[in-house]
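Undergrad: Here you go, sequence then predicted model.
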Amino acid sequence: MRLSHVAVLLTEVLEALRPASGGIYVDGTIGAGGHAEAILEASSPDGVLLGVDADSSALAIAAARLARFGPRLRLVQQNYRDIDAVLAQTHLPPPSGVLLDLGVSSMQLDHAARGFSFQADGPLDMRMDPTQGRPTAAQLVNALPERELADLIYRFGEERHSRRIARVVVERRARARFETTGDLARVVAGAVPGPGWRTGRGIHPATRTFQALRIAVNDELAGLEEALPKAAAALAPGGRLAVISFHSLEDRIVKQFMRGAGNSLRILTKKPLVPSSDEQRANPRSRSAKLRVAEKLALAGSSY
């Protein structure tokens, strides 16, 4: 597998979390370990990082990349929505910072066998953790009634052509099941009007449909809604929660949570931080990233 992972908004994340020696940090979506590596370096010589990921392949890559940090690194395979249970089982003190880098990683997109991308043909899977028994994208595409499929694509992909796409998909699957990413991408592209994407004037017409299926397969939005209050509650007073989102559905949930937690969190980013033009040129996948940061307020009567 070609590894092209680039940590998004790395400088901004470090400025937000302020890693320091002796601190405890949680990377709830460690992926290939880019952010984690920088946090461990900045918290030298004895800061500790707990890396969590539902993807066993990601954890293996992170473990190899970060092996030099020895016992300062702890890894757990788990969905970040269970961050409270993970922290309880590790018996670590309340963390000084929690990072959630949402969505799908570059290494997952680049590994065709995972089925996340239409750029290379692969099985239509999209599960972050194949051991959890959740339905694959192929199962959803081949089984959902037309209306439910259209609603899914519209809700999670914000795709205005969702009904047309669902109709064409259902017509096609009556003749032959969808098995690969390339097969589905071609059918969706044929259903969406406008060839501008072929000349670089827009995104691929299957982009929103693939996003919608991935979110549904992994129950991502519900997981985020569950994880945010747990992460905030786990923080030490003065600790910081940093969340990187990649589409409006995620960002809306993060924004609303931080605004609604005014009695326990102080928002540090009135507007989300976005990648610089230089970062976007160097890493086009960073273009849609948004970083929001909040700080846990000191407890009443605390001397903090």
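TA: Yep, it's here.
Undergrad: Go through the chain and flag its longest helix.
TA: If you go by DSSP state H, the chain has its longest helix at helix 220-234.
Undergrad: okay, the angle between the helix or strand just after that one and helix 220-234?
TA: Note on helix 220-234: by DSSP states H and E, the next helix or strand toward the C-terminus is strand 240-245. Relative orientation of strand 240-245 versus helix 220-234 (axes from the mean of the first three to the mean of the last three CA atoms, to 10 degrees): 170 degrees.
Undergrad: How far does the following helix or strand past strand 240-245 sit from its chain's centre?
TA: Next along the chain after strand 240-245, taking DSSP H and E as the criterion, comes helix 248-260. Put simply, helix 248-260 sits 14 Å off its chain's centre (CA atoms, centre = their mean, to the nearest Å).
Undergrad: Which elements pack onto helix 248-260?
TA: helix 220-234, strand 240-245, strand 265-267, strand 290-296 (3 or more CB pairs under 8 Å, 6 or more residues apart in numbering; DSSP states H and E). C-beta coordinates here come from the backbone N, C-alpha and C atoms, glycine included.
Undergrad: Just name the most buried of those.
TA: Across the helices and strands packed on helix 248-260, averaging neighbours per residue (mean count of other CB atoms under 10 Å) puts strand 240-245 on top, at a mean of 26.
Undergrad: who does that strand pair up with?
TA: Applying DSSP bridges, strand 240-245 is found paired with strand 97-101 (parallel), strand 290-296 (antiparallel).
Undergrad: got these as JSON lines, with distance to residue 176 and mean pLDDT columns?
TA: Below are these laid out as JSON lines (distance: least, CB to CB, whole Å; pLDDT from 0 to 100):
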{"stretch": "strand 97-101", "distance to residue 176": "37", "mean pLDDT": "97"}
{"stretch": "strand 290-296", "distance to residue 176": "39", "mean pLDDT": "98"}
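Undergrad: Redo those strands as a markdown table? Include distance to residue 7.
TA: Shown next, in a markdown table, are the strands paired with strand 240-245 (distance: least, CB to CB, whole Å):
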| stretch | distance to residue 7 |
| --- | --- |
| strand 97-101 | 8 |
| strand 290-296 | 12 |
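Undergrad: what element comes up after the lowest-mean-pLDDT helix or strand in the chain heading to the C-terminus?
TA: Ranked by mean pLDDT, DSSP states H and E, the weakest helix or strand in the chain is helix 106-110, scoring a mean of 48. Next along the chain after helix 106-110, taking DSSP H and E as the criterion, comes helix 137-143.
Undergrad: Count the residues that sit near residue 47.
TA: 21 (other CB atoms under 10 Å).
Undergrad: quick one on the thing from earlier: using a markdown table, please lay out the helices and strands packed on helix 248-260 together with distance to residue 206.
TA: Shown next, in a markdown table, are the helices and strands packed on helix 248-260 (distance: least, CB to CB, whole Å):
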| stretch | distance to residue 206 |
| --- | --- |
| helix 220-234 | 18 |
| strand 240-245 | 21 |
| strand 265-267 | 35 |
| strand 290-296 | 23 |
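Undergrad: Ok, which of these comes nearest residue 62?
TA: Of all those, strand 240-245 sits nearest to residue 62, with 16.8 Å by CB to CB.
Undergrad: Start and end of stretch 173-188, how far apart?
TA: Its first and final residues considered, stretch 173-188 spans 12 Å by CA to CA, to the nearest Å.
Undergrad: With stretch 86-95 instead?
TA: Start-to-end span of stretch 86-95 (CA to CA) is 12 Å.
Undergrad: And it, what's buried?
TA: By 16 or more other CB atoms under 10 Å, the buried positions in stretch 86-95 come out as 86, 87, 92, 95.
Undergrad: Would you mind confirming that residue 29 is in contact with residue 98?
TA: No: at 10.6 Å, residue 29 does not count as touching residue 98 under the criterion of CB atoms under 8 Å.
Undergrad: the inter-axis angle of the longest helix of the chain versus helix 248-260?
TA: Calculated by the same axes, to 10 degrees, helix 220-234 forms an angle of 30 degrees with helix 248-260.
Undergrad: I'd like the average pLDDT over helix 220-234.
TA: On average, the pLDDT along helix 220-234 is 97.
Undergrad: Any chance you could list what contacts it?
TA: Here helix 220-234 makes contact (CB atoms under 8 Å, 6 or more residues apart in numbering) with 26, 28, 79-81, 83-84, 87, 94-95, 98, 100, 102-103, 156, 214-215, 241, 243, 249-250, 253-254, 257, 261, 264-265, 294, 296.
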